[in-house]
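Participant: got a structure for you, letters missing:
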């Protein structure tokens, strides 16, 4: 309770990038924040025609800084 895990994704056509991490509105100002055990679907139009991807996970502790979230698995499925 009081914690969060947020994700942003970046896509590029080269391993060197550029890597611009974005959230669901296509900007760097938002994050995907799935509930525990819920599948996260990305907007295909934001990530189309790219060869490589990276993700950024931000772990947010509770306000007192005594409890932190944990990520056990990240599973990526790709289906063009």
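Facilitator: Thanks, I have the structure now. Fair warning: this is a prediction, and the values are worked out from it, not measured in the lab.
Participant: okay, the residue of the chain positioned farthest from its centre: pLDDT?
Facilitator: Going by CA atoms, centre = their mean, the residue of the chain most distant from its centre is residue 64, 24.7 Å out. At residue 64, the model reports a pLDDT of 93.
Participant: quick one: it from residue 2, how far?
Facilitator: From residue 64 over to residue 2 the distance is 8 Å, taken as CB to CB, to the nearest Å. Every residue, glycine included, has its C-beta placed from N, CA and C.
Participant: before we move on, the earlier item: which SSE is the residue farthest from the centre of the chain in?
Facilitator: Here residue 64 is covered by no helix or strand, with elements defined by DSSP states H and E.
Participant: how far away is it from residue 3?
Facilitator: 11 Å.
Participant: check residue 28 too.
Facilitator: Distance from residue 28 to residue 3, by CB to CB: 22 Å.
Participant: residue ranges with poor pLDDT in this protein?
Facilitator: 80 (pLDDT under 70).
Participant: can you pull out the strands in it?
Facilitator: 4-12, 52-60 (DSSP state E).
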